[in-house]
Structure formats: structure tokens, C-alpha cells
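1. return a 3D structure for these sequence lines:
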Amino acid sequence: MSALHVTIIGAGLGGLCLAQGLRRAGIPFDVFERDSAPAARFQGYRLRIDANGFDAIDQCLPDGQAQRLRQHAAVARNGGHFVTPALDDADVVLPPSWHESHTESPTEPAVVRHPAPQQRRNIARAKTHDGAPPGDLSMHRQTLREILLDGILDHVHFGKTFTHTTRTADGQRVAHFEDGTCSVPGLVVAADGTHSRVREHLLPGMTPRDTGNVCFYGLTPVSTALLVLMDSHGEATLMEGSTVVFADGFAVVVDAMLFRRESGTGMYATPNLQNDGTNDSADDAARMPLSPVSDYLYWAFIGPSQALLGREGMAAEASGLVPLAHIDTLTRRWHPHLRSLFAHAVPDTVRTMPVRSTASPLPWQLDGVTGLGDAVHTMSPAGGLGANTALSDAAMLTRHLQAVAAGEQPLAQALTAYERDMCERAREAVRLADAAAAMLNARRAAPHEAAPTSASTSADAVHL
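-> Prediction:
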């Protein structure tokens, strides 16, 4: 193999997946992360990994290690609901990225209108293999990040804030950091997210646009939720699977994160890694320990800022009690189960985030520099495709760099092919995410109001 060295800026999911792929391929690499430690900053909660994302991780991790995702994912819950704030069935259908077919190729565009009452449908039940959905896993984000850090900690450098790049005499890139240090010359990969410093340094005109949407999200411990959400059948309505609550002009996604039972206990818990059969005693000292995770209900509001932030103009990045108080006002006429869910949320877990998107991802075409994930193609979280697209980027880039390291093609040619394919996939993912956001934002009549006329139905159609 050649002397190719890869410098990855950012230790998020995409950057770490790429690092694992490079390790497996025998290509030298280093990861530079501005955070001071793996758990130094809030990373988010529930993350849905689809078949494409799982396949990408499987290609990059050492043989068999991807199965740890299944062992540490939330217990699969069949079913789920599209409901109104009163917990009645909602007249909606699934966008392509939420349907069970999302584990295959993206579906063709379609026009979705309000269905007749007899066509109401709940979220499709996913097909399973050995009791687990095929690539449709609900992961705690920090757990996934820790799995991706496992075995490469000696190549991940924390407390490194990128400033700029320079070129060597032979055209290789060197990344420089605020503390005065720099990287080994080679290829620089921007994996530093929506607010990428690498992108802003080299391509300042490609900043993602503000979509006008905003998210509130947080979690409620199941120990509390189970007491307040039990229904007459002995099971909490919102514990049956993914639930989407369609309000007037915005929506709320609720997902139960219940982890596997340990042997001999009656409580859900994350399995003990020392007994999961995936440990290699020779590597124990370098393994990334997994933080314990208690069961919780994840919830996220998404919709236009004017609908969610209100006239008082709450800050688009507020956290804690401020957005919780606003949620209490927004939901004052909602079903008591839902109000209890938000009332018992942990204030420190509540965040507000403006939604940004890259309208049409384009190849960077820079010598010695490329990117992946949100650094290149930020998208709305509505379609659940952002992280999976970044993971697929990592697997694809690994394959191209393997060909470079083996002397099968020059680096410039490999990057051109990678960026072309990445941007084609990303444009489709952005389209699907925007379509899902449009469906979530659609204004719907309350159950007691008159059904929409044919004219309003046509105007309210969602193009997927």
C-alpha cells in the first residue's frame, strides 16, 4: 500500500465510522475533535439506524462487531401510531423514509392526500429476523458513538479545534489547530458537522440555509412515565412503538427506549459488555467502556418556528425550563397522557435546535480535502436520514481510499468519484427529509371540525 494518511476533523458518527473503516483497511489515520473528551458535550438521545446505516457500520467495524449494535439497541417494539393531540387516529400516511420499504432503495415520488377513514393506517410493522428489525434499530446516540470509538482511542485526539490547512511541497494537506499543533500531511476529511470549520475555511459560501423550522426535544424517564401513562389494558399507549402526534401545523415524535433485560432481573437494562461475547481480552485495555443508560421515552417537537416559538420570541437555542414552560402552553388542551409525558421530563435534557438544510449538495472539488455527513449535506431530522447518510458516506469513502492505498487509482480520481456518488445520494435524502418535514408541518383540522373541502385537500397534498 502507498503512504496515504487520512486526517479526520470531527469525532461524530460519520468521522468515527470512517476511522473504523480505515483501521480495518490498514490505512493510517488520525481523528481530531474539538471537544475535550468523548462525553464532554451533549450528543442527543434516540437515533434510528436503518439498513443502509447498519450495513455501512458493518462494513467499517471489525468482523462481527456490528452485532453489538443489536445487543445495545432499545428493545424492538412492534407497531406504533399516527395520532392527534387527543390520541385519536390521525388521517395520514407514511412518508417513504418512514415506511418499512425504507430498508430498500428510496421509493419513487408519489402524491399523498388525506385518506378516507377506512384507509387510516398505523405505522407499518417491520419484518424481523430473529426478533430484531432488519437494520431498523433505535440506538442511544452516545452508546453508538462509544461503540464507534472502541479500539481507536489512541488515534483520536481531543481538545483540537481546527483553524486552517496548508499544503506541502508535494501537494498534501496539513490541518492546523488552535493550540499550535498540526496533522501529518495527507488527505483532510471534514466530518465536523453542520457548523463545519473546514467548510467555512475553504468554502464559506456553502453554509446550510435556515429552513424556518425548529425542534424541541428531550426525554422522560420510564420509571415516571410508566406510572402516569398506563392505560386500561395495562400498557402505556405511548410504549407500543413509535408514535407521531399531529397537531395543527407541527408534530411530535415519541419513541420508547427500553433496553434489554439482564439475566435474572426484572428490569430493563443495558447488557454487561463483559459477558456479551464480543470482548477480545488482548484489547481490553484499549476498549471504550459503554456508559449505562436507563430506560426513557424520547420526544421531539418539529415545526415552523412561528408555530413553536410563539409571539414572545423564545430563543431558537433555548434549553431547560424555558422550552418546557412553552411546551406546557402549547399542549394545554392535549390528552392528559401527553401532558404528563412532558410534565415529567428531565429539564436538563430539553434542548431547542433550529433546523438547517443544504438545498442542493455539491461536490467540493478541492485538492487533498473532502467531506462527509452534515459538513457537506445538512438535512432536516424529519426523515431520520441524516446519520444514516453520513454512515453510508463513511463506508463509500473507505472503499475509494482502499483503491488509492492499493495503487489502483490516484487520489484525485477517487475523490471525484466519491463526491459525485455522495452528492447524488445526499440530494435524494434531502428531498425525502424535506418532504417528511412538509407532512409534519401540514395544517390539519381538529376532529370536531368539518372535513376539508376538495380544494383544501388538494392544497394540503404532500409530494413525496
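2. and the pLDDT for the closest residue to residue 185 other than its chain neighbours?
-> Nearest residue to residue 185 in three dimensions, chain neighbours excluded: residue 172, at 3.8 Å (Cβ to Cβ, 6 or more residues apart in numbering). In short, each C-beta sits where N, CA and C put it, glycine included. Looking at residue 172, its pLDDT reads 94.
3. list the contacts of residue 172.
-> 185-187, 368 (Cβ atoms under 8 Å, 6 or more residues apart in numbering).
4. mind running it again at 7 Å?
-> 185-186, 368 (Cβ atoms under 7 Å, 6 or more residues apart in numbering).
5. for residue 217, see how far away it is.
-> To residue 217, residue 172 is 41 Å away according to Cβ to Cβ, to the nearest Å.
6. just residue 340 next, same as before
-> From residue 340 to residue 217 the distance is 18 Å (Cβ to Cβ).
7. between the two, point out the one with more neighbours.
-> Taking other Cβ atoms under 10 Å, residue 340 and residue 217 do not tie; residue 217 has more neighbours (22 against 18).
8. shouldn't that one be within a strand?
-> Yes: according to DSSP: H, G, I helix; E, B strand; the rest coil, residue 217 belongs to a strand.
9. isn't it up against residue 351?
-> Yes: taking contacts as Cβ atoms under 7 Å, residue 217 lies within contact range of residue 351: 5.9 Å.
10. just the buried positions in stretch 196-211, please.
-> 196-203, 206, 208, 211 (16 or more other Cβ atoms under 10 Å).
11. TSV for these, including distance to residue 245 and secondary structure?
-> What follows is the buried residues of stretch 196-211, written out as TSV (distance: Cβ to Cβ, whole Å; DSSP: H, G, I helix; E, B strand; the rest coil):
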residue	distance to residue 245	secondary structure
196	33	coil
197	37	helix
198	38	helix
199	35	helix
200	37	helix
201	41	helix
202	42	helix
203	39	coil
206	35	helix
208	27	coil
211	21	strand
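12. pick the one among those residues closest to residue 24.
-> Distance ranking of the buried residues of stretch 196-211 against residue 24, using Cβ to Cβ, places residue 198 first at 24.2 Å.
13. low pLDDT regions in the chain?
-> 1-2, 42-43, 77-80, 92-135, 224-241, 261-288, 311-321, 443-464 (pLDDT under 70).
14. check which helix or strand residue 435 maps to.
-> helix 411-441 (DSSP states H and E).
15. quick one: the helices in the protein, in order.
-> 13-25, 51-60, 67-72, 141-149, 197-202, 222-228, 305-308, 321-330, 336-343, 374-377, 386-405, 411-441, 454-459 (DSSP state H).
16. now do the buried residues in the third one.
-> Put plainly, it is helix 67-72. Those would be 68-72, for helix 67-72 by 16+ other Cβ under 10 Å.
17. all strands of the stretch 1-150 of the chain, in order?
-> 6-9, 29-33, 46-49, 80-83, 111-112, 137-140 (DSSP state E, counting those that start in this stretch).
18. will you turn those into TSV that also has distance to residue 158?
-> Formatted as TSV, these follow (distance: least, Cβ to Cβ, whole Å):
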stretch	distance to residue 158
strand 6-9	13
strand 29-33	5
strand 46-49	22
strand 80-83	38
strand 111-112	45
strand 137-140	21
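19. and the ones you listed, which is most packed in?
-> Burial of the strands of the stretch 1-150 of the chain is given as mean neighbour count (mean count of other Cβ atoms under 10 Å); strand 6-9 ranks first at a mean of 28.
20. distance between that one and the chain's centre?
-> Offset of strand 6-9 from its chain centre (Cα atoms, centre = their mean, to the nearest Å): 21 Å.
21. export that strand to CSV, keeping only CA atoms.
-> Extracted in CSV, the C-alpha atoms of strand 6-9 (Å, rounded to 0.1, in the frame of the first residue of the first chain):
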residue,chain,number,x,y,z
VAL,A,6,-6.1,10.5,6.4
THR,A,7,-6.8,13.3,8.8
ILE,A,8,-10.4,13.3,10.0
ILE,A,9,-11.7,16.5,11.5
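22. what lines up beside it in the sheet?
-> Strand 6-9 pairs in its sheet with strand 29-33 (parallel), strand 187-190 (parallel), by DSSP bridges.
23. follow-up on the earlier one: quick one: which of the contacts of residue 172 is nearest to residue 165?
-> residue 368 (7.8 Å).
24. tell me the contacts of the closest one?
-> 171-173, 187-188.
25. and those residues as a markdown table, adding distance to residue 20?
-> Shown next, in a markdown table, are the contacts of residue 368 (distance: Cβ to Cβ, whole Å):
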| residue | distance to residue 20 |
| --- | --- |
| 171 | 27 |
| 172 | 23 |
| 173 | 22 |
| 187 | 17 |
| 188 | 18 |
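26. weed out the non-buried ones from the residues you listed.
-> 172-173, 187-188.
27. lovely, talk soon.
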